[in-house]
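S.K.: sequence and predicted model, in that order:
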Amino acid sequence: MAINWFKYSAPTTFYGLAGKLIPWFAIPAAVLFAVGLYIGFAVAPVDAQQGEFYRIIFIHVPSSILSMFLYLIMAGYAALGLIFNTRLSAMMATAIAPTGALFAFISLWTGALWGKPMWGAWWVWDARLTSELILLFLYLGFIALHASIDDPRRADRASALLAIVGSVNVPIIYFSVKWWNTLHQGSTIKFTGTSMHVAMQQAMFIMLAACWLYAIAVVLARVRSIILERERNTVWINELPEAKQ
Amino acid sequence: MTDMKRSSMLGLLVLVIRRDLVLAMRRRADVLTTLIFFVMVVSLFPLGVGPEMSMLRKMAAGVLWVAALLSSMLSLGRLFSADYLDGTLEQMMLAPQSLSMLVLGKMVAHWMVSGLPLVLMAPVLGLQFDMPAQALGVLILGLLLGTPVLSMVGAIGAALTLGLRGGGVLLSLLVLPLCIPVLIFGTGAVEAVSTGLSAASHLSLLGALLVLALVFTPWVTAQALRISME
Amino acid sequence: MSDLDIWMRENPLAYIWLGSYAVALLIFAVEIAMVRHKRTITLQQVRLMREAEDEAGEDK
């Protein structure tokens, strides 16, 4: 029975559940974005060392954190899918990948725009920037592999294995890049010295929460489409009110 | 594990390696193409950045490593595809022997055919870049430790992209980011020596990567093959 | 110093907003639009298949 529940009923129930949950994540996300931006720009004071430019932190740090955590969550779902053969986890992994890649891109983009006034260069081969770039490559590899396999079952399993191999590699890559960076005596300006004002911290945490909620809402919306696409031959899909119109 | 079983597993390994080497020798052109590609890419760099010796000397290790990385990608597509097309791979998966062991044999053979020639060719190319003898020695040692890792990590990608359209480019996209640590430690070792430091730490890290790869990649590749073949 | 550098230092807030926040929000907007588009497309496909099945059923 347990297998049955996993195999057939999970996407069915999850489809409806996800549909109900999306507004509960999307609306708070929008509200928190507004609040976070208000505190970040109107309440938080100007930084003594970096002037106004530090305000990029409110989008840069949350998107970096999201991009890393989403990769781990994606690999976790992928592993679940491989081990227990649950279809929903593979669908979740597929749904997370584009959002994670976009957050990685935002993180790189805002990092470059922050670097220009601070370091005087758009791109610095800093350990964090470089590993973020490699993370983006890993996301793109996952998406590309999944997209190029026609059989959905093989696509799920192959890309799941790749995600797991990638997540094992992430710490190795991070430490090797960090070491490489210190060897080359790269950037000298570090941000650790500045103490953060309370309002800055608040703004950053609120923005982080907003990004999390946004990511969850988008992933749920995407996974609903994936469920529809994969299960379009089944009876329960044909009986959905939105399919009957 | 009994002694007999162990010896039969080693025997299997040797058998697979020998078979793949014989097959590779029948298609020598493939092996040569990879080697020529390696030499060409390395020779293009001075033409691209200018013949200034001091700069070339500084770049040499990086250029050779990147070229080795790219040329090992070229030959990866062939690692399983021939056996996949003629059905041998299916037989191998049905065989009672451990698939990981068979895969390891194929990895070793692949390295001997496509990695080892690059390592042997590297000193000549290093001289083109006027590398000092000591740096050259470390470069060769690094390549000797690092290129097997490229073959083994690449095998995972080759197994995952088996039989896919546009597999070659996709394979590089998947495998290249995973190979970055090897590149970093390989070039780091040469740089350490040329700045008067010891290359031991870099080389031992490369060795650690090699051991890790030896332990895990055959099994992972076997799983990937199962996924691709089912 | 290039013109951009001077402009950046004179209008840091405009630089931050145009460069980082507008781009990030634009990316979010595009992602939301893509997710919605995918939903309409998939629903259309489901409806098409349903109709095709209904017709096949009537033919019998």
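M.R.: All right, it came through fine.
S.K.: what does whichever residue of chain C sits closest to chain A show for phi and psi?
M.R.: Closest approach between chain C and chain A, counting by C-beta to the nearest C-beta: C:Pro12, at 3.7 Å. Heads up, the C-betas are built off the backbone N, CA and C, glycines and all. Backbone torsions of C:Pro12, given as degrees, to the nearest 10, read phi -60, psi -40.
S.K.: for burial, what's the neighbour tally of the residue lying closest to B:Gly166 once chain neighbours are set aside?
M.R.: Excluding the flanking residues, the one nearest B:Gly166 by C-beta to C-beta, 6 or more residues apart in numbering or on different chains is A:Ser148, at 6.4 Å. By other C-beta atoms under 10 Å in any protein chain shown, 18 other residues sit near A:Ser148.
S.K.: any chance you could read off phi and psi for A:Ser148?
M.R.: Residue torsions, per degrees, to the nearest 10, at A:Ser148 are phi -90, psi 0.
S.K.: check what pLDDT it gets.
M.R.: Confidence at A:Ser148, expressed as pLDDT, is 91.
S.K.: swap in B:Gly126?
M.R.: For B:Gly126, pLDDT reads 89.
S.K.: chain C versus that one, what's the distance?
M.R.: 40 Å (C-beta to the nearest C-beta, to the nearest Å).
S.K.: nearest residue to A:Leu129 other than its sequence neighbours?
M.R.: Using C-beta to C-beta, 6+ apart, the nearest residue to A:Leu129 is A:Gly111, at 5.5 Å.
S.K.: can you tell me the helix or strand for the one you found?
M.R.: Element membership of A:Gly111, judged by DSSP states H and E, is helix A:87-119.
S.K.: need the pLDDT of A:Ala10.
M.R.: 71.
S.K.: need the longest helix for chain C.
M.R.: Longest helix of chain C, by residue count under DSSP state H: helix C:22-59.
S.K.: and it, what's buried?
M.R.: Along helix C:22-59, these residues count as buried under the neighbour rule (16 or more other C-beta atoms under 10 Å in any protein chain shown): C:23-24, C:27-28, C:31, C:35, C:38-39, C:42-43, C:46-47, C:50.
S.K.: now swap in stretch B:31-43 and tell me
M.R.: Buried-residue list, stretch B:31-43, by 16+ other C-beta under 10 Å: B:Val31, B:Thr34, B:Leu35, B:Phe37, B:Phe38, B:Val39, B:Val41, B:Val42.
S.K.: so which of the residues you listed comes closest to B:Thr161?
M.R.: Closest approach to B:Thr161 among the buried residues of stretch B:31-43 (C-beta to C-beta): B:Thr34, at 18.1 Å.
S.K.: give me the helices and strands touching the helix or strand where the closest one lies, please.
M.R.: Following DSSP H and E, one finds B:Thr34 within helix B:28-49. Counting by 3 or more C-beta pairs under 8 Å, 6 or more residues apart in numbering or on different chains; DSSP states H and E, the packing neighbours recorded for helix B:28-49 are helix B:53-76, helix B:116-128.
S.K.: and the next helix or strand past the first one?
M.R.: By that I understand helix B:53-76. Once helix B:53-76 ends, the next helix or strand along the chain (criterion: DSSP H and E) is helix B:78-85.
S.K.: which SSE is immediately downstream of that following helix?
M.R.: Downstream of helix B:78-85 (by DSSP H and E), the next one is helix B:88-94.
S.K.: what about A:Ile83, neighbour count?
M.R.: 10.
S.K.: which pLDDT value belongs to it?
M.R.: Here, the pLDDT recorded for A:Ile83 equals 89.
S.K.: from what I see, B:Leu136 and B:Leu125 are in contact.
M.R.: No - with contact defined as C-beta atoms under 8 Å, B:Leu136 does not count as touching B:Leu125 (9.8 Å).
S.K.: surely the residue nearest to A:Leu129 meets A:His60?
M.R.: Yes - here A:Gly111 lies in contact with A:His60, judged by C-beta under 8 Å, at a distance of 5.9 Å.
S.K.: measure the most centrally placed residue in chain B to A:Lys178 for me?
M.R.: The centroid of chain B falls nearest to B:Ser151 when counting by C-alpha atoms, centre = their mean (3.2 Å). B:Ser151 sits 26 Å away from A:Lys178, taking C-beta to C-beta, to the nearest Å as the criterion.
S.K.: which parts of stretch B:53-61 are buried?
M.R.: Result for stretch B:53-61 [16+ other C-beta under 10 Å]: buried residues B:Leu56, B:Arg57, B:Met59, B:Ala60, B:Ala61.
S.K.: does that stretch reach chain A?
M.R.: No - with C-beta under 8 Å from any C-beta of the partner chain as the measure, stretch B:53-61 is seen stopping short of chain A, the closest distance being 12.0 Å.
S.K.: rounded mean pLDDT for that stretch, please.
M.R.: The average pLDDT for stretch B:53-61 rounds to 86.
S.K.: got a list of contacts for that stretch?
M.R.: B:45-46, B:49, B:126, B:129-132, B:135, B:139, B:186-187, B:190-191 (C-beta atoms under 8 Å, 6 or more residues apart in numbering or on different chains).
S.K.: contacting residues around stretch A:235-245?
M.R.: For stretch A:235-245, using C-beta under 8 Å, 6+ apart, the contacting residues are A:Thr12, A:Tyr15, A:Leu228, A:Glu231, C:Leu43, C:Val46, C:Arg47, C:Arg50, C:Glu53.
S.K.: for the fifth one, give me its contacts.
M.R.: Right, the one you point to is C:Leu43. A:Leu228, A:Glu242, A:Ala243.
S.K.: do you know how far B:Val42 is from chain A?
M.R.: 22 Å.
S.K.: my guess is that residue meets B:Gln128, correct?
M.R.: Yes - contact criterion C-beta under 8 Å: B:Val42 and B:Gln128 qualify, at 7.4 Å.
S.K.: okay, now the residue nearest to B:Leu35 when sequence neighbours are not counted: neighbour count?
M.R.: Using C-beta to C-beta, 6+ apart and skipping the chain neighbours, the partner closest in space to B:Leu35 is B:Pro117 (4.9 Å). If you count neighbours by other C-beta under 10 Å, B:Pro117 ends up with 17.
S.K.: quick revisit: in terms of helices and strands, where is the residue nearest to the centre of chain B?
M.R.: helix B:133-160.
S.K.: can you list the helices and strands that that helix packs against?
M.R.: Helix B:133-160 sits against helix A:152-183, helix B:53-76, helix B:78-85, helix B:99-110, helix B:116-128, helix B:167-178, helix B:180-194, helix B:200-229, with contacts defined as 3+ C-beta pairs under 8 Å, 6+ apart.
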